[in-house]
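> Please find the sequence and the predicted model below.
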Amino acid sequence: MEVCYILEVDVNGEEIFIVDKKTLSSFSDRLSKLFGDLTDGSRKLKVIFDNFPGGAYGFELMARFCYNNGTIEITPSNIVLLNHAAHYMEMGSNSSAKLNLVDQTEKFLEGINYWTWSELLQALKLCQDLLPTINSSFLLDKVLDCLVRLTLPTMASPFTCSSDNSSFQFSCDTSSTCSMRNNWSQTTWWFEDLLVLNVNSFDKVIRMMMSQKLDHATIFKFIVFHLKSIYFSVTASEKCKITELAINLLSLLDRSSLSCRGLFDILLAVSRLKNISKFYALKLEHLVGSMLDQATLDHLLVPSPHRNHHVYDVNLVLRLSKAFFLEGSTMSQNQLRKVHVQLCEEIKMRLCSFVNHDKLSAEASKHLAQNSNFPPRSTLKSFITQKSKLNSLIHNHLSHFKVSSQSKFHSNAMEEQEGFDQILIYARKHGHSKEIDNLETRLQGMQKKVTELEKVCTMTHSEMSSVTKSRLHGPGKARSLPKLCS
C-alpha cells in the first residue's frame, strides 16, 4: 500500500491546508528541494508561507492544478494569481512535471491583446495588490501596455455601442451604460477607470502614453483629474508622493499642452500640503510662473498658509511674477540665438560687442556665458578689452602724428607709418570700417600738407647752401667764418 505523506501548510496566517506532499512536490521544485528524500511517513511535516501570492485563495488555485494532474481552467480573472503562485512555488520548465504551470500561464498571456477593458482592469488590480515577486513587474507591464493602447484615439472605446462583437470592439451591457458613457469625451472616457492606479503604475502609464505619442494635452488633463480625484481617499504621505511624481511628469510634457487653470489647481493642492519637498514646490511655481500671462485674478487668489497675516498668499504671487519675467528674458535671448544661429563667429563677436555688460544682471550674464551659440565669455571679454585698447591706440597715435608733422621729422617715420598701417588693418578686421574710412580721409589731407611743407623746406635748404658757397668762394681776401654749433 502506497504511503501518503501528509503536509500541513500555513498560508500567510490566514488558513491551514492539509495536502499530500508527494502530489504537490511532483509539480513544485520548491517543495521538492525543501523535503528532499524524506521517507518516514509517520513524521509530521509542516511548512509556513508568510508571503504567498494571493494568500489562501492563490494557494488553493495552485493545489487544484496539482491534484488535477497539471490541468486547470485559466481565465483573465485567475491568470495573475496562477502566474504569481507558479513562480513562487518554482513550477516552471526546470520542474520534473511535463505540464508545468508557468508555461501554461505564459502561453495564455500571449492572447492578452484580446482581453476586454474590464478584464484588463481586474488583472491590473490583482497585480497591484500582490506582494512584489520575481514576475510581478513583467506581468504588470503587459497589462498596462494593453490598457494604454486602448486609450489611444485610434482604438475604439470599450463602451462604444456596436453590433459588431469582434475582439477589438466591445458592446455595452445595457442602454443606460451606453448613454452614460456617451456623455464622456472620446479622448477622456478612461479617466475614471484608471483611478485604480497606484503611484508606481501611474508613473509607468504616463510614460507609456508619451512613448505611444498620445496627445500631451490629454495626458495633462488626466494628471490633473487623477490628482484632484484621489486627494480625498489617500493619506497625507501618499498625497505628497503622488503630487511630487505628477510635478516631475509635467516637466516632461510640451509646454503648449498645459493649461493655466489646471496648473493652478495643482498649485492650490500643493499649498495645502505641509510635507511636500521644497524642490518640487519651486519646480511647480516656475512652471506656473512661465504661464502667468494666461492667468486671471481668480487664479491668483490662492489662500495663504498663514491666515493670521494675509488672506491670500501674496508671497506666492511675487514668486510667480519673478518666474514669469525670468522666463520672458530667457525666451527673448533664445529667439535672438535662433535668428543668429547661422552667423559666423566673427559676426557673432561683433553683435555681442554691442552689449553693455555693465548693465546686464548677474543672471543674464550667466545665461549668456552658458549659451553655446554665443562666443565664450572669456573670448567676449577679451574682445571688448581689445576694442577699448584699439580705440585708445588709434587716438594716441593720431595725436602723436599731428604733433610730429607740425614740429620736426623723425628718421624712423617710415617705421611708424608701417606700424600705424598695421593698426588700421587690425581695426578694419575687427569691425571698425567706418571709423577707419573717416580716419584715412583725415590722414590723406594731413599728408598733403606735410608734402607741401617738405617741398618748402627743401627749397629753403637749397637757397641757404647757395648763399653759403658764394660767400666762401667769392673775390677778395678770404676770411675765416665762425663755426656753427653742431
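Yep, it's here.

> mind listing the strands for the stretch 1-150 of the chain?
Assigned by DSSP state E, counting those that start in this stretch, the strands in the stretch 1-150 of the chain fall at 6-11, 15-20, 45-49.

> Could you dump the ones you listed into JSON lines with mean neighbour count added?
(C-beta placed from N, C-alpha, C; glycine too.) Supplementary listing: these in JSON lines, determined by neighbours: other Cβ atoms under 10 Å:
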{"stretch": "strand 6-11", "mean neighbour count": "18"}
{"stretch": "strand 15-20", "mean neighbour count": "14"}
{"stretch": "strand 45-49", "mean neighbour count": "15"}
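
> Of all those, which one is nearest L121?
Among the strands of the stretch 1-150 of the chain, the nearest to L121 by Cβ to Cβ is strand 6-11 (26.5 Å).

> Pull up the pairing partners for that closest one, direction included.
Strand 6-11 pairs in its sheet with strand 15-20 (antiparallel), strand 45-49 (parallel), by DSSP bridges.

> Just the CA trace of the longest one, in PDB.
The one in question is strand 15-20. C-alpha atoms of strand 15-20 as PDB (Å, rounded to 0.1, in the frame of the first residue of the first chain):
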ATOM      1  CA  GLU A  15      -5.700  29.300   6.600                       C
ATOM      2  CA  ILE A  16      -4.000  25.900   7.200                       C
ATOM      3  CA  PHE A  17      -4.200  23.400   4.400                       C
ATOM      4  CA  ILE A  18      -3.700  19.600   4.700                       C
ATOM      5  CA  VAL A  19      -2.300  18.300   1.500                       C
ATOM      6  CA  ASP A  20      -0.300  15.300   0.100                       C
END
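
> circling back: adding distance to V205 and mean pLDDT, write the strands paired with strand 6-11 out as TSV.
Listed next are these as TSV, based on distance: least, Cβ to Cβ, whole Å; pLDDT from 0 to 100:
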stretch	distance to V205	mean pLDDT
strand 15-20	35	94
strand 45-49	31	91
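
> possible to save these as TSV with distance to A281?
Shown next, in TSV, are these (distance: least, Cβ to Cβ, whole Å):
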stretch	distance to A281
strand 15-20	47
strand 45-49	44
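
> Among those, which comes closest to V288?
Smallest distance to V288 across these (Cβ to Cβ): 50.0 Å, for strand 45-49.

> hang on, the earlier thing: among the strands of the stretch 1-150 of the chain, which is nearest I79?
strand 6-11 (19.9 Å).

> So which residues make contact with that closest one?
16-21, 24, 31, 44-49, 52, 55-56, 59 (Cβ atoms under 8 Å, 6 or more residues apart in numbering).

> Between the strands paired with strand 6-11, which one is closest to V143.
It's strand 45-49; of the strands paired with strand 6-11, that one is closest to V143 (Cβ to Cβ) at 24.9 Å.

> pull the CA atoms of that closest one into PDB?
Provided in PDB are the C-alpha atoms of strand 45-49 (Å, rounded to 0.1, in the frame of the first residue of the first chain):
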ATOM      1  CA  LEU A  45       5.500  17.700   8.300                       C
ATOM      2  CA  LYS A  46       4.600  21.400   8.300                       C
ATOM      3  CA  VAL A  47       5.600  24.400   6.200                       C
ATOM      4  CA  ILE A  48       4.700  28.100   6.800                       C
ATOM      5  CA  PHE A  49       4.500  30.600   4.000                       C
END
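
> which residues are contacting it?
5-12, 21, 31, 34-35, 38, 59.

> Turn those into a markdown table, including pLDDT and distance to R261.
Shown next, in a markdown table, are those (pLDDT from 0 to 100; distance: Cβ to Cβ, whole Å):
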| residue | pLDDT | distance to R261 |
| --- | --- | --- |
| Y5 | 76 | 68 |
| I6 | 86 | 66 |
| L7 | 90 | 62 |
| E8 | 93 | 61 |
| V9 | 94 | 56 |
| D10 | 96 | 55 |
| V11 | 95 | 50 |
| N12 | 93 | 47 |
| K21 | 89 | 64 |
| L31 | 91 | 59 |
| L34 | 86 | 60 |
| F35 | 81 | 64 |
| L38 | 65 | 69 |
| F59 | 96 | 50 |
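
> L194: which of the residues you listed is nearest?
Of all those, N12 has the smallest distance to L194: 29.0 Å, by Cβ to Cβ.

> Contact partners for the closest one?
N12 neighbours (Cβ under 8 Å, 6+ apart): F49, D50, N51, F52, G55, A56.

> Save those as a markdown table, and put in distance to R319 too.
As requested, the contacts of N12 are exported to a markdown table (distance: Cβ to Cβ, whole Å):
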| residue | distance to R319 |
| --- | --- |
| F49 | 54 |
| D50 | 50 |
| N51 | 47 |
| F52 | 52 |
| G55 | 50 |
| A56 | 54 |
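
> mind listing which of those are in helices?
G55, A56 (DSSP state H).

> Looking at neighbours, which among the contacts of N12 is most surrounded?
F52 (23 neighbours; other Cβ atoms under 10 Å).

> Past the helix or strand of the chain at the bottom of the mean pLDDT ranking, which element shows up next along the chain?
Of all helical and strand segments in the chain, the minimum by mean pLDDT, DSSP states H and E falls on helix 175-182, at a mean of 43. Moving toward the C-terminus from helix 175-182, the next helix or strand (DSSP states H and E) is helix 199-211.

> Now do the buried residues in that next one.
S201, F202, D203, K204, V205, I206, M208, M209, M210 (16 or more other Cβ atoms under 10 Å).

> quick one on the thing from earlier: among the contacts of strand 45-49, give me the pair with the biggest separation.
N12 and L38 (24.5 Å).

> Quick check: K33 vs I242, distance?
Computed as Cβ to Cβ, to the nearest Å, the K33 to I242 distance reads 42 Å.

> now swap in L194 and tell me
Applying Cβ to Cβ, one obtains 13 Å for the distance of L194 from I242.

> Give me the common contacts of the two.
Common neighbours of L194 and I242 (Cβ under 8 Å, 6+ apart) are H226.

> Dump the buried residues of helix 199-211 to JSON lines, plus pLDDT and distance to C146.
Supplementary listing: the buried residues of helix 199-211 in JSON lines, determined by pLDDT from 0 to 100; distance: Cβ to Cβ, whole Å:
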{"residue": "S201", "pLDDT": "93", "distance to C146": "13"}
{"residue": "F202", "pLDDT": "95", "distance to C146": "17"}
{"residue": "D203", "pLDDT": "95", "distance to C146": "18"}
{"residue": "K204", "pLDDT": "95", "distance to C146": "13"}
{"residue": "V205", "pLDDT": "96", "distance to C146": "11"}
{"residue": "I206", "pLDDT": "96", "distance to C146": "16"}
{"residue": "M208", "pLDDT": "95", "distance to C146": "10"}
{"residue": "M209", "pLDDT": "95", "distance to C146": "13"}
{"residue": "M210", "pLDDT": "94", "distance to C146": "17"}
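
> Hmm, F222 and S257 touching each other?
No. Counting by Cβ atoms under 8 Å, F222 is not a contact partner of S257; they are 11.6 Å apart.

> Have a look at these two and say which one is more surrounded.
F222 (21 against 14).

> Touching, that one and E192? I think so.
No. Judged on Cβ under 8 Å, F222 makes no contact with E192 at a distance of 10.3 Å.

> show me what contacts the spatially closest residue to P305 that is not a sequence neighbour?
In space, and not counting its chain neighbours, P305 is closest to S271: 6.2 Å by Cβ to Cβ, 6 or more residues apart in numbering. S271 sits next to V302, P303, P305, D313, L316 when contact means Cβ under 8 Å, 6+ apart.
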